[in-house]
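Undergrad: Predicted model and sequence below, questions to follow.
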Amino acid sequence: MNAKGVKELPSSEHSVFFYGDDAPSSNIQFINQLKDISDTRKMTEDNYSIGGEVAELESIMAKKLGKEACVFFPTGTLANHIAIRQLGLPKTRAIVPEQSHIYQDSGDSVQQLSGINLVPLGGGDPYFDLPELKEALVNSMNGRVVNPVGVVVIETPVRRCFGRSMPYEKMLSITEYCKERDISTHLDGARLFIASAFTNVALEKYGALFDTVYISMWKYFRAPYGAILAGSKEFCENLFHVRRMFGGSLPFSSLSAALALDGLKHFEKDAQLAVSQSKELLELLSRIPNIEVNHYEDESNIIPVAFSDKVNLQNLDRTLRSKGVFINPETNGQNTIHLTINMTILRKSNQELLKAFTEALETSVTI
């Protein structure tokens, strides 16, 4: 973003973004937010991601997830990798969802750097079920060369599948089965905080099922980077050595941790308000001609909304933008978009949002 764009950012403070995890951020916003924090309290420094604001963030996140301890990592990719590495080795096979971030978007890092083979299950679905897992575990032990599984990974919600979440009952059955067989489990819960608000399953309840849990610090808490890996005290103790081995012990991580702490303060309360407001808004939108609000059975905060063939989505997008409402008009050839609910929905009342959609449709319907 150029300097002119930065100066124009304040005009978007009342805009609602029905895509992404939050409103777009910029360097100048991070700088201003850090100044606001430093004006109200002293930010304590860390030493290569140890102590200071980082330790405070680790402590708070451990309590929220019902875990004994947490370790800060610069990225979720590294947090997931280290969890699989520490839980899995010396066994060199891990079960993961095929649509997961660790399998699709990490450049085979676990395979190449830690020698652990990722076995994908679930195909194009957001999650696998217990029978599929049982079959994979049997195959790992009954092949011509025995190759036992050391860790099973679950991701929820799944970005690649429009934020769909594994139902808690399925998660429970899989993790209990793994515990019976002494197989470790890890939850990639990058967006677990928003999913928890929509599923009404408490964070601690999710956390209790798994040996380790990863949470992103930048997706909803407005930090520029960062991840938390939560687990037992034994798991987390001295884990910073492994983090450092992978080049992940960044100096001055307290800057990002302070921003995450600030974002955490009101997130859970605001998330409940956003859930409530979004349900009412979707009901109002469903009454408008040429709109059909649909739902995934296992959805979290991403909702499919279909428009009749009469609606020109590009015109709809253009008019909504002029009213401070932003959507993602991409449809993969169908007249269905996905509305992502995040905290920016609280910037406008439902009556304002309903008016914006109604007026935008009036300019977008072709006869």
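TA: Sure thing, it's come through.

Undergrad: Look at stretch 214-224 and report the distance between its end residues.
TA: Using C-alpha to C-alpha, to the nearest Å, one end of stretch 214-224 lies 17 Å from the other.

Undergrad: Centre of the chain to it, how far?
TA: 8 Å (C-alpha atoms, centre = their mean, to the nearest Å).

Undergrad: Also stretch 174-182?
TA: 25 Å.

Undergrad: Flag every buried residue along that stretch.
TA: By neighbour count on 16 or more other C-beta atoms under 10 Å, the buried set for stretch 174-182 is 174-175, 177-178. C-beta here means a position set from N, CA and C on the backbone, and glycine is covered the same way.

Undergrad: who touches that stretch?
TA: With C-beta atoms under 8 Å, 6 or more residues apart in numbering as the test, stretch 174-182 has contacts from 129-130, 133-134, 137, 152, 154, 184-185, 209-210.

Undergrad: Run through the strands of the stretch 101-250 of the chain in chain order.
TA: 117-121, 151-155, 184-188, 212-216, 227-231 (DSSP state E, counting those that start in this stretch).

Undergrad: Relative to Lys170, which of those strands is closest?
TA: strand 151-155 (9.1 Å; C-beta to C-beta).

Undergrad: Can you name every helix or strand that the closest one contacts?
TA: If you count contacts as 3 or more C-beta pairs under 8 Å, 6 or more residues apart in numbering; DSSP states H and E, strand 151-155 packs onto helix 76-88, strand 93-97, helix 101-104, helix 168-180, strand 184-188.

Undergrad: Farthest pair within the buried residues of stretch 174-182?
TA: Pairwise over those, using C-beta to C-beta, the maximum falls at Thr175 and Tyr177, 7.3 Å.

Undergrad: Can you check the pLDDT for the residue nearest to Leu113 when sequence neighbours are not counted?
TA: Setting aside the residues directly before and after it, Leu113 is nearest to His81 in space (C-beta to C-beta, 6 or more residues apart in numbering), at 7.2 Å. What the model reports as pLDDT for His81 is 98.

Undergrad: Leu34: neighbouring residues, count only.
TA: By other C-beta atoms under 10 Å, the residues close to Leu34 number 17.

Undergrad: right, I mislabeled it, should have said Glu53
TA: Going by other C-beta under 10 Å, the residues that sit close to Glu53 add up to 24.

Undergrad: roughly how far apart are it and Asn139?
TA: Per C-beta to C-beta, to the nearest Å, Glu53 is found 46 Å from Asn139.

Undergrad: Repeat that for Leu353.
TA: From Leu353 over to Asn139 (counting by C-beta to C-beta), the distance is 50 Å.

Undergrad: Looking at those two now, which is surrounded by more residues?
TA: Leu353 (24 against 12).

Undergrad: What separation do you get for that one and Ala230?
TA: Distance from Leu353 to Ala230, counting by C-beta to C-beta: 36 Å.

Undergrad: Thr199 too?
TA: 19 Å.

Undergrad: picking that back up, out of the buried residues of stretch 174-182, which comes closest to Ala258?
TA: Nearest to Ala258 among those, counting by C-beta to C-beta, is Thr175 at 33.7 Å.

Undergrad: Tell me the pLDDT of the closest one.
TA: 98.

Undergrad: can you check Thr331 too?
TA: As predicted, Thr331 sits at a pLDDT of 77.

Undergrad: Met141 too?
TA: 92.

Undergrad: try the one 10 residues further on
TA: Val151 carries a pLDDT score of 98 in this model.

Undergrad: got it, and Val6?
TA: With respect to pLDDT, Val6 has a value of 33.

Undergrad: and Ala83, how many neighbours does it have?
TA: By other C-beta under 10 Å, neighbour count at Ala83 equals 32.

Undergrad: swap in the one 5 residues further on?
TA: Burial of Gly88 is recorded as 27 neighbouring residues (other C-beta under 10 Å).

Undergrad: what does Ser38 give?
TA: Ser38: 11 surrounding residues under other C-beta under 10 Å.

Undergrad: residue contacts, it?
TA: By C-beta under 8 Å, 6+ apart, the contact set of Ser38 is empty.

Undergrad: which element follows the host helix or strand of it toward the C-terminus?
TA: Using DSSP states H and E, Ser38 sits in helix 27-40. For helix 27-40, the following helix or strand on the C-terminal side (DSSP H and E) is helix 52-65.

Undergrad: Return the alpha-carbon coordinates of that next one using PDB.
TA: What follows is helix 52-65, C-alpha atoms only, in PDB (Å, rounded to 0.1, in the frame of the first residue of the first chain):
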ATOM      1  CA  GLY A  52       8.200 -10.100  28.600                       C
ATOM      2  CA  GLU A  53       4.900  -9.700  26.700                       C
ATOM      3  CA  VAL A  54       5.500 -13.100  25.100                       C
ATOM      4  CA  ALA A  55       5.400 -14.800  28.500                       C
ATOM      5  CA  GLU A  56       2.200 -13.000  29.400                       C
ATOM      6  CA  LEU A  57       0.600 -14.000  26.200                       C
ATOM      7  CA  GLU A  58       1.700 -17.600  26.700                       C
ATOM      8  CA  SER A  59       0.200 -17.600  30.200                       C
ATOM      9  CA  ILE A  60      -3.200 -16.200  29.200                       C
ATOM     10  CA  MET A  61      -3.500 -18.500  26.200                       C
ATOM     11  CA  ALA A  62      -2.800 -21.500  28.300                       C
ATOM     12  CA  LYS A  63      -5.600 -20.600  30.600                       C
ATOM     13  CA  LYS A  64      -8.000 -20.000  27.800                       C
ATOM     14  CA  LEU A  65      -7.300 -23.400  26.200                       C
END
